[in-house]
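In: Provided below are the primary sequence and the corresponding predicted coordinates.
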6 protein chains.
Amino acid sequence: MSIFKPVSENKAKGKVKKVFDDIKKTRNIKKIPNFWRAIANNPETLERTWNNLKQIMKKGALDPVTKELIYVAVSITNSCEYCIRSHTAAAKKKGASDQMVKEMIDVVGIANQNNKLVESYQVEVDKIYK
Amino acid sequence: MSIFKPVSENKAKGKVKKVFDDIKKTRNIKKIPNFWRAIANNPETLERTWNNLKQIMKKGALDPVTKELIYVAVSITNSCEYCIRSHTAAAKKKGASDQMVKEMIDVVGIANQNNKLVESYQVEVDKIYK
Amino acid sequence: MSIFKPVSENKAKGKVKKVFDDIKKTRNIKKIPNFWRAIANNPETLERTWNNLKQIMKKGALDPVTKELIYVAVSITNSCEYCIRSHTAAAKKKGASDQMVKEMIDVVGIANQNNKLVESYQVEVDKIYK
Amino acid sequence: MSIFKPVSENKAKGKVKKVFDDIKKTRNIKKIPNFWRAIANNPETLERTWNNLKQIMKKGALDPVTKELIYVAVSITNSCEYCIRSHTAAAKKKGASDQMVKEMIDVVGIANQNNKLVESYQVEVDKIYK
Amino acid sequence: MSIFKPVSENKAKGKVKKVFDDIKKTRNIKKIPNFWRAIANNPETLERTWNNLKQIMKKGALDPVTKELIYVAVSITNSCEYCIRSHTAAAKKKGASDQMVKEMIDVVGIANQNNKLVESYQVEVDKIYK
Amino acid sequence: MSIFKPVSENKAKGKVKKVFDDIKKTRNIKKIPNFWRAIANNPETLERTWNNLKQIMKKGALDPVTKELIYVAVSITNSCEYCIRSHTAAAKKKGASDQMVKEMIDVVGIANQNNKLVESYQVEVDKIYK
């Protein structure tokens, strides 16, 4: 259960309805995922978050699949189950293979390990990296 | 300063010297970065970490640039300055453009924000993602 | 299931019973929440944690509602579901409106995002803030 | 040093100049803090981040001082030095007393401790909180 | 459910079967825990992770019980339920008493609190610790 | 620089002086470390934190060296430099060898890595651990 009851699609109106429609059209889906229904409790948050995400995740110097894999890598590091599951699904939908997901996970694992080795040995930044 | 004094290259011998030589050859560099000199205090850790990293970061279904960007994304999320600096440098050396780095940062930003929105609203996983 | 079986109220005695009674009286509740029953496995931990919490969360320069909202903000950042749920309930009981909770969540979201932007660009502290 | 060189005010133009001017006017300051100069390397990021922050931190059901204190609480939990310093300064400028800051810190401390006690005992959510 | 379907023991072959057999023999167990079955989706990850873990967790200057308690302490700090449960079980199997586990938890609690007090007051490192 | 100016020993009085004296006596040191001088800005926080720490870190089922190593393990995971340095020093003073510290670091590294592997594969808790 959410802290706030998710907004149901057929009760959406005004700003919320507009964003819900844009989500369904942009993503070519028929059902609004729970995340958007949850934050729709605050229409301003819904609109801002959706616009930000659309702007950031669009194709640029990085392709959408790479962006989704980076998103999942962050979500694993933060232990956010919903985010891991939904963005892994998104990555696969956009073309990520199972092997790509597995290799991303390996990088996340070693990065988390080495980040802590760096902290524990209190490694000084090399001049070449400054 | 490190908790343990970094091992200097000209004092390296045995397992440590062997790994140091492999690092310089594999990366085509002349000076061992502080990270490797720090963990060389424990030769087993040095050898294991280097072998793991080589295996994981090599070209696979994901190209080395993408792997480095994912590594940096995790390091930003963990606030590891050394790791951010050294692996951003590695990403650029392997071909990442400034624009690619900037877009990666934007994804890291929104992922960290949305991870917390998901936690705060305690969003349930949609059936479609299970 | 907890790692240790929660202590049931009717089996509480000595130090544990004393603290349980104080919790019920101070909070005007009839049932000890699971958190207190869990840590009652270590009576010293129970007593110390309860005394600390009472001292810290009492009205001071900050009112109790603000303190609870700050508590929830930390719990969201740490992804602690129990803590988010129980302290959101506490905040509401002490007078927080739904709108206050929603605005707190928005601040938590942007703070988590901007924290990472700061890390990624390795922003130097302005002299004015030192 | 930042990963990217901070944009200097007198070289700002177009979108960047517009946002810089708005920051100075809105905050009644004469010098753009390093954070904004850093992310100005990506004008879209600068504009989006500034607009989001303005919308979120404005007076609402929560007053601006409380919002800044919540912002600092998150930044402490994430160990972001720049964020702690700059938003503590902002909180004081908007009217937070030293005592309010100290009490916020105490709440952050106990929340971080109790979050971990909850995790360690794997406390189940009470029915009353669901 | 896992992102990838756990590999069942009777379908294991090659590298996976070899590692599964070694896990069962080394730990004197009859059933492969879900963690190993999950990462067996990537045989290279399975082999590397198992070899690393065996090397690190073996008796050295620290005894295996202490190592398991340190492992759990990290897992609590990272809020990893599976890791807390499985390594608490491992610690007990290797000889940790309930009282040892409870004292470890208390240290984890105060360390997390004081870590944040240090961050909030931005405490400078004493010369004696450098 | 700290957010609040550290309290100097010769200006300490009342509750602060009493705690400072106890710290020096208990630890057999002549100079109060910066952490205690920082939180002395809030005498109640100083007293509570010192009393908690004394109670928790004393010899019990776990010896003081093990407790300090656990404390450092948490501090590495949280990337708290001051905490890593001061408690590594404390561990050594109480008898930890360099080898013990190095092995603790290795456990912290692999635990952080495997914690993330568990999250990424969304591993279900085995019945045996519930």
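Out: Looks like it arrived, so ask away. Residues are numbered from 1 along each chain as shown, chains lettered A, B, ... in the order given.
In: residues of stretch A:110-127 that come out buried?
Out: A:110-123, A:125-126 (16 or more other CB atoms under 10 Å in any protein chain shown). (C-beta placed from N, C-alpha, C; glycine too.)
In: residue A:43 against residue A:16, yeah?
Out: Yes. Counting by CB atoms under 8 Å, residue A:43 touches residue A:16, with 5.2 Å between them.
In: and these two? Which one has more around it.
Out: Per other CB atoms under 10 Å in any protein chain shown, whichever of residue A:43 and residue A:16 has more neighbours is residue A:16, with 22 against 18.
In: which elements pack onto the helix or strand containing residue A:17?
Out: Secondary structure assigned from DSSP states H and E places residue A:17 in helix A:14-27. Secondary-structure packing of helix A:14-27 (3 or more CB pairs under 8 Å, 6 or more residues apart in numbering or on different chains; DSSP states H and E): helix A:34-39, helix A:43-57.
In: the first one and chain B, are they touching?
Out: The one in question is helix A:34-39. Yes. Using CB under 8 Å from any CB of the partner chain, helix A:34-39 reaches chain B at A:34-35, A:38-39.
In: gap between residue A:58 and residue A:88?
Out: Relative to residue A:88, residue A:58 is positioned 20 Å away (CB to CB, to the nearest Å).
In: which of those two has more neighbours?
Out: residue A:88 (25 against 11).
In: quick one: that one and residue A:72 touch, right?
Out: Yes. Applying CB under 8 Å, one finds residue A:88 in contact with residue A:72, separated by 5.4 Å.
In: quick revisit: and the helices and strands packed on helix A:14-27: which comes nearest residue E:28?
Out: helix A:34-39 (43.5 Å; CB to CB).
In: overlap in contacts, residue A:88 and residue A:72.
Out: residue A:101 (CB atoms under 8 Å, 6 or more residues apart in numbering or on different chains).
In: okay, the angle between the longest helix along chain A and helix F:98-121?
Out: Longest helix in chain A by number of residues (criterion: DSSP state H): helix A:98-121. Following axes from the mean of the first three to the mean of the last three CA atoms, to 10 degrees, one obtains 150 degrees for the angle between helix A:98-121 and helix F:98-121.
In: hmm, helix A:98-121 touching chain F?
Out: Yes. Looking at helix A:98-121 against chain F by CB under 8 Å from any CB, the contacts come from A:105, A:108-110, A:112-117, A:119-121.
In: which pair of those spans the longest distance?
Out: Once CB to CB is applied, the residues of helix A:98-121 next to chain F give A:105 and A:121 as the farthest pair, at 25.2 Å.
In: just want the residue of chain A that's nearest chain C.
Out: Per CB to the nearest CB, residue A:42 is where chain A lies closest to chain C, at 4.5 Å.
In: could you measure from the nearest residue to that residue once chain neighbours are set aside over to residue B:58?
Out: Nearest residue to residue A:42 in three dimensions, chain neighbours excluded: residue C:102, at 4.5 Å (CB to CB, 6 or more residues apart in numbering or on different chains). In this view, residue C:102 and residue B:58 are 47 Å apart by CB to CB.
In: again, but for residue A:76
Out: With CB to CB as the criterion, residue A:76 and residue B:58 are 21 Å apart.
In: rewinding a little: chain center to the longest helix of chain A: distance?
Out: From the chain centre to the centre of helix A:98-121 is a distance of 18 Å (CA atoms, centre = their mean, to the nearest Å).
In: how about that helix as CSV, C-alpha atoms only?
Out: What follows is helix A:98-121, C-alpha atoms only, in CSV (Å, rounded to 0.1, in the frame of the first residue of the first chain):
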residue,chain,number,x,y,z
ASP,A,98,20.0,-10.2,-21.2
GLN,A,99,23.8,-10.3,-21.7
MET,A,100,23.9,-6.5,-21.6
VAL,A,101,21.9,-6.4,-18.3
LYS,A,102,24.2,-9.1,-16.8
GLU,A,103,27.4,-7.2,-17.7
MET,A,104,25.9,-3.9,-16.3
ILE,A,105,25.2,-5.8,-13.0
ASP,A,106,28.9,-7.0,-12.9
VAL,A,107,30.1,-3.4,-13.3
VAL,A,108,27.8,-2.2,-10.6
GLY,A,109,29.1,-4.9,-8.3
ILE,A,110,32.8,-4.2,-8.8
ALA,A,111,32.2,-0.4,-8.7
ASN,A,112,30.5,-0.7,-5.3
GLN,A,113,33.4,-2.9,-4.0
ASN,A,114,36.1,-0.7,-5.3
ASN,A,115,34.4,2.5,-4.1
LYS,A,116,34.7,1.1,-0.6
LEU,A,117,38.3,0.0,-1.1
VAL,A,118,39.1,3.6,-2.1
GLU,A,119,37.4,4.9,1.0
SER,A,120,39.0,2.4,3.4
TYR,A,121,42.5,3.1,2.2
